[in-house]
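**Student:** no sequence for this one, just the structure:
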């Protein structure tokens, strides 16, 4: 009898689905805000290290750390883009529920489907948005789609790319006159590529910070990796 009652129990209304989805979308946005703050806070530590490295004419460490700043700022921009798309999903869902009050059921939204599809391709959002897509497909808001793994890989690579020009701009911005006074041959030195690893090595950070506390430097490096992931 209890099993029969469970089978006859009505599903959530469009309004209930909307409230749950919007609550979770707001939580995702708050998580992104927190991650943005973490990245920007860690960037300040790196900026200090860049200025100190430039004063010592240690352009190798300065450029390696400037590269870290470039990647961090790209990560922040990407988070802002993701947050804007989450807010757009919430807005379009609200419109869908308003229509449902008139027609009696949720209708498909091409706008929501496009936004969800974009966010599924973002590695850091993939798992969350796949869960949303299943629920929205079941509710009839979007159609089931197949994620393009190739596009995901390309998007990830785009985030990781940086150029010498961008690094030089960051170096000039942070180190200012100190960087400008470096000998031309030193300023033109290429960034070291230690095993294709993104970000400075522990040794680079240690040199820039003065190497007086290895444990703190290792923690800084770990935080930089973590907040951008």
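**Tutor:** Right, received. Where do you want to start? Being a predicted model, the structure only gives us computed values, none of them experimental.

**Student:** Sort out which residues of stretch 20-35 are buried, please.
**Tutor:** By neighbour count on 16 or more other Cβ atoms under 10 Å, the buried set for stretch 20-35 is 21-22, 24-25, 28-29, 32, 35. To be clear about C-beta, it is placed using only N, CA and C from the backbone, and glycine gets the same treatment.

**Student:** which residues are in contact with it?
**Tutor:** Contact with stretch 20-35 is made by 12, 79-80, 82-83, 86-87, 89-90, 93-94, 125, 128, 132, 135-136, 227, as judged by Cβ atoms under 8 Å, 6 or more residues apart in numbering.

**Student:** CSV please, covering the buried residues of stretch 20-35 and showing secondary structure, distance to residue 173 and pLDDT.
**Tutor:** Below are the buried residues of stretch 20-35 laid out as CSV (DSSP: H, G, I helix; E, B strand; the rest coil; distance: Cβ to Cβ, whole Å; pLDDT from 0 to 100):
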residue, secondary structure, distance to residue 173, pLDDT
21, helix, 41, 93
22, helix, 39, 92
24, helix, 38, 95
25, helix, 35, 95
28, helix, 31, 95
29, helix, 29, 96
32, helix, 25, 94
35, helix, 23, 93
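
**Student:** now for the residues you listed, which pair is the farthest apart?
**Tutor:** The span of the buried residues of stretch 20-35, defined through Cβ to Cβ, is set by 21 and 35 at 21.1 Å.

**Student:** Quickly note the distance from residue 123 to residue 78.
**Tutor:** 10 Å (Cβ to Cβ, to the nearest Å).

**Student:** Neighbour count for these two, which is higher?
**Tutor:** Comparing residue 123 with residue 78 by other Cβ atoms under 10 Å, the one with more neighbours is residue 78, at 17 against 13.

**Student:** how about that one, phi and psi?
**Tutor:** Backbone torsions of residue 78, given as degrees, to the nearest 10, read phi -70, psi -40.

**Student:** mind checking pLDDT for it?
**Tutor:** The model reports residue 78 with a pLDDT of 93.

**Student:** repeat for residue 133
**Tutor:** Looking at residue 133, its pLDDT is 91.

**Student:** contacting residues for it?
**Tutor:** So residue 133 contacts 116, 120, 142, 144-145 (Cβ under 8 Å, 6+ apart).

**Student:** what's the helix or strand for it?
**Tutor:** Using DSSP states H and E, residue 133 sits in helix 126-139.

**Student:** and what of residue 69?
**Tutor:** Going by DSSP H and E, residue 69 is part of helix 59-103.

**Student:** which parts of whichever helix or strand comes after that helix are buried?
**Tutor:** Using DSSP H and E, the next helix or strand after helix 59-103 towards the C-terminus is helix 110-120. Of all the residues in helix 110-120, those buried under the rule 16+ other Cβ under 10 Å are 112-120.

**Student:** Just flag the most distant two among the residues you listed.
**Tutor:** 112 and 120 (12.3 Å).

**Student:** Count the neighbours of residue 58 for me.
**Tutor:** So residue 58, with other Cβ under 10 Å, has 19 neighbours.

**Student:** Equivalent analysis for residue 103, please.
**Tutor:** Residues within reach of residue 103, counting by other Cβ under 10 Å, total 8.
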